[in-house]
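Undergrad: Coordinates only, no sequence provided:
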């Protein structure tokens, strides 16, 4: 039996799934051959020279934890031969409180992040490496077809076909499918079919409520080449992170929650590189950069817009009538705050493949079980990323101190003090839904959710014009308030 699988999107989930399906085809005992067609609007990153052409496609560094590494290693040779050399194996983890440096490498408790495997890699570099794997191992197969520089315009879910258009030739064609995999990101075209077909399908698309910028600069000597550093409050109203890159570089990212946009210094919004460089010299205390480093940072800073990514919540990830499954950002796009977006996307592909094994390639059983297993993980991911931290910076600092205290007490008294959720997120022994439950039981999520929801709503009211800030009440406004207060006071006296 040949099964036509159309994968929309050459991101981590789509690229891993096509490799897993290719490996299934190599099994002589398999009763199903998967005929895979990949559709991607961008160019094939796997055909770019990694040392020259690919450098122009640098995005931002992200971490592969045990979840993502286990998923990648489920394809023999993919990690060792293609991924290992495009990233940095993490050896140390630090937190900077101002100029004070906390943490280190090795040691730590059982749940310490320094005792968990971590691999830091540019998102586009890992996609390029996985695309190279496909070009080397799959391009000559009669069961694999790639269509890069091609837009997916429409899903005809009733007739199980999609309309695509080549961006270079402008030619359009329909492609029929037996299974359509939507791994096509936040603004998923595939997901639209679920909205149209299923009235019970719940979808929420929003932004992460943060604006951020990321720069790539030469590593200062004071920063370890294999370390990750968290930078809370590293600039006024900003949180940051420093991640290692190949080529002896670092990726510095800084972001602020949108409710603080009017509080952020005007200098950091300047388009003058000299102003930006001086602002970082005066305010960034974690570690010093070289003069060239400040200049490079400032040039990159002014030559990019403020970035803002989306969040997606869904209550189901499949449709049997449409023969559709969604994964990755199409199902659960999230804030990068806990570094688990790509890890969860890779897990989606791995778990889908495992369900094909479990149910002997029977999609009537695989698709419902996939939703049952992955919807809790996807929604735990998005809620943890949004509410494990607080938009109120003072609450965030207090929560971070409590987190450090709890992790120390748990290391000393593991039977009496439960683990800190932050330190379990990347551990493959725990699912994200288990971490979510722990954070809920500790009261962290409920506390932050109340504050974050209020801040987001107040910000929306102002941005949409529902609430207009008044410059002042004026004389008669204050008289009215005083008269009202006096009347209330008199009523209380009379009542007694």
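TA: Good, I have the coordinates. The structure displayed is predicted, hence computed values, not measured ones.

Undergrad: Same question for stretch 422-431: list its buried residues.
TA: 422-428, 430-431 (16 or more other CB atoms under 10 Å). Quick note: C-beta positions are derived from backbone N, CA and C, even for glycine.

Undergrad: just curious, which of those is nearest to residue 266?
TA: Nearest to residue 266 among these is residue 422, at 33.4 Å by CB to CB.

Undergrad: confidence score at the closest one?
TA: Looking at residue 422, its pLDDT stands at 88.

Undergrad: same thing with residue 408?
TA: 85.

Undergrad: for the one 4 residues further on, same thing?
TA: In the prediction, the pLDDT value recorded for residue 412 is 88.

Undergrad: List the contacts of stretch 395-410.
TA: 95, 102, 109, 111-112, 232-233, 239, 389-390, 417-420, 422-423, 444, 447-448, 451 (CB atoms under 8 Å, 6 or more residues apart in numbering).

Undergrad: cool, stretch 267-282 as well?
TA: Contacts of stretch 267-282 (CB under 8 Å, 6+ apart): 235, 238, 265, 289, 294-295, 297-299, 301-302.

Undergrad: remind me which residues of the protein are low pLDDT?
TA: Counting by pLDDT under 70, the chain shows low-confidence ranges at 105-115, 471-496.

Undergrad: the helices in it, which residues?
TA: Along the chain, counting by DSSP state H, helices occupy 12-25, 66-72, 78, 123-137, 189-197, 273-283, 291-302, 329-332, 341-358, 363-387, 393-412, 432-441, 444-464, 474-495.

Undergrad: Of all the ones you listed, which one comes closest to residue 85?
TA: Of all the helices of the chain, helix 123-137 comes closest under CB to CB, at 8.4 Å.

Undergrad: Packing partners of that closest one?
TA: Applying 3 or more CB pairs under 8 Å, 6 or more residues apart in numbering; DSSP states H and E, one finds that helix 123-137 makes contact with helix 12-25, strand 61-64.

Undergrad: To residue 309, which of the ones you listed lies closest?
TA: Of all the helices and strands packed on helix 123-137, strand 61-64 sits nearest to residue 309, with 11.8 Å by CB to CB.

Undergrad: Run through the neighbouring helices and strands of that closest one.
TA: strand 119-122, helix 123-137, strand 238-245, helix 341-358.

Undergrad: for the residue nearest to residue 232 when sequence neighbours are not counted, what are its contacts?
TA: Spatial nearest neighbour of residue 232, excluding adjacent residues (CB to CB, 6 or more residues apart in numbering): residue 239 at 5.2 Å. Neighbour list for residue 239: 231-233, 254-256, 389, 396 [criterion: CB under 8 Å, 6+ apart].

Undergrad: Kindly recompute the last result at 7 Å.
TA: Going by CB atoms under 7 Å, 6 or more residues apart in numbering, residue 239 touches 231-233, 255.

Undergrad: likewise residue 122?
TA: Applying CB under 7 Å, 6+ apart, one finds that residue 122 lies in contact with 58-59, 61, 245.

Undergrad: List buried members of the residues you listed by neighbour count.
TA: For these, a burial check counting by 16+ other CB under 10 Å picks out 58, 61, 245.

Undergrad: From what I see, the first one and residue 216 are in contact.
TA: In other words, residue 58. Yes. Residue 58 is in contact with residue 216 according to CB atoms under 7 Å; the separation is 5.7 Å.

Undergrad: Sitting in strands, which of the contacts of stretch 395-410 do you find?
TA: Those of the contacts of stretch 395-410 mapping onto strands are 95, 102, 232-233, 239, per DSSP state E.

Undergrad: out of those residues, who's nearest residue 365?
TA: Closest approach to residue 365 among the ones in strands among the contacts of stretch 395-410 (CB to CB): residue 239, at 43.9 Å.

Undergrad: Got the phi and psi for residue 236?
TA: phi -50, psi 120 (degrees, to the nearest 10).

Undergrad: Now for it: which residues touch it?
TA: Contacts were defined as CB under 7 Å, 6+ apart; by that measure residue 236 touches 265, 283.

Undergrad: can you check the one 5 residues further on too?
TA: In this structure, residue 241 makes contact with 230-231, 253, judged by CB under 7 Å, 6+ apart.

Undergrad: any idea how far residue 381 is from it?
TA: According to CB to CB, to the nearest Å, residue 241 stands 18 Å off from residue 381.

Undergrad: Count the neighbours of residue 285 for me.
TA: Neighbour count of residue 285, defined by other CB atoms under 10 Å: 15.

Undergrad: Skipping adjacent residues, who's closest to it in space?
TA: Using CB to CB, 6+ apart, the closest residue to residue 285 is residue 99 (4.5 Å).

Undergrad: so the one you found makes contact with residue 284?
TA: No. Between residue 99 and residue 284 there is no contact under CB under 7 Å: 9.7 Å.

Undergrad: Neighbour count: those two, which is higher?
TA: residue 284 (21 against 10).

Undergrad: Surely the more buried one touches residue 235?
TA: Yes. With contacts counted by CB under 7 Å, residue 284 reaches residue 235, the gap being 6.1 Å.

Undergrad: Quick check: which of the helices and strands packed on strand 61-64 is nearest to residue 367?
TA: Closest approach to residue 367 among the helices and strands packed on strand 61-64 is made by helix 341-358 (8.6 Å; CB to CB).

Undergrad: That closest one relative to helix 123-137, how many degrees between them?
TA: Helix 341-358 runs at 30 degrees relative to helix 123-137, counting by axes from the mean of the first three to the mean of the last three CA atoms, to 10 degrees.

Undergrad: If any of the contacts of stretch 267-282 are buried, put those into a PyMOL selection.
TA: Here is the PyMOL selection string for the buried members of the contacts of stretch 267-282, based on 16+ other CB under 10 Å:
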select buried, resi 235+238+289+294+295+297+298+301+302
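
Undergrad: nearest to residue 357, of the contacts of stretch 267-282?
TA: The closest of the contacts of stretch 267-282 to residue 357 turns out to be residue 238 (CB to CB; 46.1 Å).

Undergrad: Isn't the closest one up against residue 254?
TA: Yes. Between residue 238 and residue 254 there is a contact under CB under 7 Å: 4.8 Å.

Undergrad: ok, and the most crowded of the ones in strands among the contacts of stretch 395-410?
TA: In terms of neighbours by other CB under 10 Å, these top out with residue 239 at 22 neighbours.

Undergrad: Just grab the bridge partners of that one for me.
TA: residue 255 (DSSP bridges).

Undergrad: Need the distance between the two termini of stretch 52-70.
TA: Start-to-end span of stretch 52-70 (CA to CA, to the nearest Å) is 30 Å.

Undergrad: Any idea how far stretch 2-9 is from the middle of the chain?
TA: 25 Å (CA atoms, centre = their mean, to the nearest Å).

Undergrad: Count the residues that sit near the residue lying closest to residue 439 once chain neighbours are set aside.
TA: In this structure, residue 439 finds its nearest non-sequential neighbour in residue 421, 4.1 Å apart by CB to CB, 6+ apart. Residue 421: 25 surrounding residues under other CB under 10 Å.

Undergrad: Kindly report the same for residue 243.
TA: So residue 243, with other CB under 10 Å, has 24 neighbours.

Undergrad: Pretty sure it sits against residue 227.
TA: No. With contact defined as CB under 7 Å, residue 243 does not reach residue 227; the gap is 8.8 Å.

Undergrad: Now do residue 369 against residue 77, distance only.
TA: From residue 369 to residue 77 the distance is 29 Å (CB to CB).
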